[in-house]
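Undergrad: for reference, the sequence and a predicted model appear below.
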Amino acid sequence: IMAPSATARGRAMYPLPIYLVDCPEKVRHDLGCVALNLGTAFAATFDSTRSAIEALRAAPPNPLAPPVVLFPTQDQPALADLKLFRRAHPAVPVVALAPPDLLVAAMRAGASQVVTLPLQPDDCESALRTVAEGYAAAARNGKVVAVTGATGGAGATTLAINLAVELAELGPSVLLSEPTAPVGKLAVHLDVQPTYTVGDVLRRGQFDADLIAQATVPLGDRVRVLAADAASLPTGAPAATAVFGLVEHLRGMADFAVLDLPCTFDDAFFGVLASADVAVLVAEQRIPSIRTLQLLLEFLQKVEHGSREVHVVVNRYDPGLTGFGADRLKQVLRVDDLDTVAMDASAVTAAVNAGRTLRAGGRSAALDDIARLARKLVPAPARPETGTGSKSSGLFAR
């Protein structure tokens, strides 16, 4: 395994792992240079097609970030091996390296891209980038909405649950989760007992679509919930990199991935908040809450993310509280817009105690405010066409 050069380390690394199968030494050397130019190295090399097939069966790849397999096809037996590999792993992209007279045959054998031998580095880089761009587009199909309280007890979990339901009422599919929660609250709030939890998914190392499907539980027709473990205390915090991988996987599972993000203020918290498409920061009309909210706003301003939306929400809002009115808070926080959720203790308490959402309990002033926030997140022209039925699948999704 080769390390990236100093020049390559200054660029964005290639986002997908690169596997090499049964490659001659001269071609392997040239491909190593290509990998260095992309800021990466071979994630794995295999001496035979069979060993590559078995390795991928033993550790199923993330469908949103699969390995790219570089596959020399210089003769008919190699083309037969390529067909064998594609039958075993049809979702894994293959870049075939073939002489000019076998390029068409390599495409018919199932190659995602073809590169002419003798190898031209620019041609190979272009093929690899084309594959990565296709999967990056699929992986970022959904929006990640991170909902976090500036301080504990601000009501972020209740807001996240009901925001997910109100988004689904507008048409999109929604996945509600708590990937960084040390102790799960979603299962408790919604009175559900999932077969598997976020912890089970993270411990696998690879994101198994079947396991995640079994771990999610329905909340109405268009919301599914992936909850953390609420039955036992954690033995240790999950690795931040594993959490980031799970979040990117959830992005591709629904139109919106709404994340209840407890204010742990660790690497996983800040990483998820920084990578979210939408940050919903929940505060109360209290000085500690407003001060912490200022710090979170400053953090998001410093983190580059060209398309991120930030929504500041004051929960349990009392318009008569002197010095904490909406206009005054906008001045203090230096924001142009601020959402409020009405104090509606009876409706919220009844919903939480019954393990249900505010919508299930009937009309609520707090629900009206949350529904208004949901409408801000779903562009009006897109509402009739969004949802699971509008998503492409298979070849055309990529």
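TA: Yep, that arrived.

Undergrad: show me what Val69 is bridged to.
TA: Here Val69 sits in beta bridges with Tyr19, Val94, going by DSSP bridges.

Undergrad: now it: how far from Ala283?
TA: Between Val69 and Ala283 the distance is 49 Å, computed by C-beta to C-beta, to the nearest Å. In short, each C-beta sits where N, CA and C put it, glycine included.

Undergrad: what's the single longest strand in this protein?
TA: Using DSSP state E to define each element, the chain has its longest strand at strand 309-317.

Undergrad: CA atoms of that one as CSV?
TA: Provided in CSV are the C-alpha atoms of strand 309-317 (Å, rounded to 0.1, in the frame of the first residue of the first chain):
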residue,chain,number,x,y,z
GLU,A,309,-29.4,26.4,5.8
VAL,A,310,-29.4,27.4,9.4
HIS,A,311,-32.6,27.9,11.3
VAL,A,312,-32.7,29.3,14.8
VAL,A,313,-35.6,28.1,16.9
VAL,A,314,-36.7,29.4,20.3
ASN,A,315,-38.7,26.7,21.9
ARG,A,316,-41.5,27.2,24.5
TYR,A,317,-41.6,30.8,23.4
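
Undergrad: what helices and strands are in contact with it?
TA: Where contact means 3 or more C-beta pairs under 8 Å, 6 or more residues apart in numbering; DSSP states H and E, strand 309-317 is packed against helix 156-169, strand 278-283, helix 287-302, helix 326-333, strand 339-342, helix 365-377.

Undergrad: partners of the shortest one in the sheet?
TA: Pairing partners of strand 339-342, with direction, according to DSSP bridges: strand 309-317 (parallel).

Undergrad: what distance separates the strand it pairs with from the centre of its chain?
TA: A distance of 23 Å separates the centroid of the chain from that of strand 309-317, by C-alpha atoms, centre = their mean, to the nearest Å.

Undergrad: could you do stretch 32-49 as well?
TA: How far stretch 32-49 lies from its chain's middle: 26 Å, per C-alpha atoms, centre = their mean.

Undergrad: so for it, what gets flagged as buried?
TA: Buried residues in stretch 32-49, counted by 16 or more other C-beta atoms under 10 Å: 34-42, 44-46, 49.

Undergrad: follow-up on the earlier one: Glu25 is nearest to which of the helices and strands packed on strand 309-317?
TA: Among those, helix 287-302 comes nearest to Glu25, with 47.1 Å by C-beta to C-beta.

Undergrad: next, the angle strand 309-317 makes with that closest one.
TA: Helix 287-302 runs at 170 degrees relative to strand 309-317, counting by axes from the mean of the first three to the mean of the last three C-alpha atoms, to 10 degrees.

Undergrad: how much space separates Ala279 from Val335?
TA: Going from Ala279 to Val335 by C-beta to C-beta gives 12 Å.

Undergrad: can you count the residues close to Pro262?
TA: For Pro262, the count of nearby residues is 18 (other C-beta atoms under 10 Å).

Undergrad: elements contacting the helix or strand hosting Ala132?
TA: Using DSSP states H and E, Ala132 maps to helix 121-139. Judged by 3+ C-beta pairs under 8 Å, 6+ apart, helix 121-139 is in contact with helix 25-37, strand 68-72, strand 94-98, strand 113-116.

Undergrad: one more pass at 7 Å, please.
TA: Applying 3 or more C-beta pairs under 7 Å, 6 or more residues apart in numbering; DSSP states H and E, one finds that helix 121-139 contacts helix 25-37, strand 94-98, strand 113-116.

Undergrad: low-confidence ranges, this structure, go.
TA: Residues of the chain meeting the criterion pLDDT under 70: 1-12, 63-64, 136-140, 205-206, 304-306, 380-398.

Undergrad: and the one residue sitting closest to the centre of it, how far from Val312?
TA: Taking C-alpha atoms, centre = their mean, the centroid of the chain lies closest to Glu248, which sits 2.1 Å from it. Separation of Glu248 from Val312 (C-beta to C-beta): 26 Å.

Undergrad: what does the helix holding Ala132 rub up against?
TA: Helix 121-139 has contacts (C-beta atoms under 7 Å, 6 or more residues apart in numbering) with 14-16, 30, 33-34, 37-38, 64-66, 68, 93, 95, 112-113, 115-116, 248, 251-252, 397-398.

Undergrad: how about stretch 85-99?
TA: 27, 49, 52-53, 56, 61, 63, 66-74, 82, 106, 109-115, 117, 119, 127-128, 131.

Undergrad: quick check: buried residues in it?
TA: By 16+ other C-beta under 10 Å, the buried positions in stretch 85-99 come out as Phe85, Arg86, His89, Val92, Pro93, Val94, Val95, Ala96, Leu97, Ala98.

Undergrad: repeat for stretch 275-286
TA: By neighbour count on 16+ other C-beta under 10 Å, the buried set for stretch 275-286 is Ser275, Ala276, Asp277, Val278, Ala279, Val280, Leu281, Val282, Ala283, Glu284, Gln285.

Undergrad: try stretch 303-320
TA: Across stretch 303-320, burial judged by 16+ other C-beta under 10 Å covers Arg308, Val310, His311, Val312, Val313, Val314, Asn315, Arg316, Tyr317.
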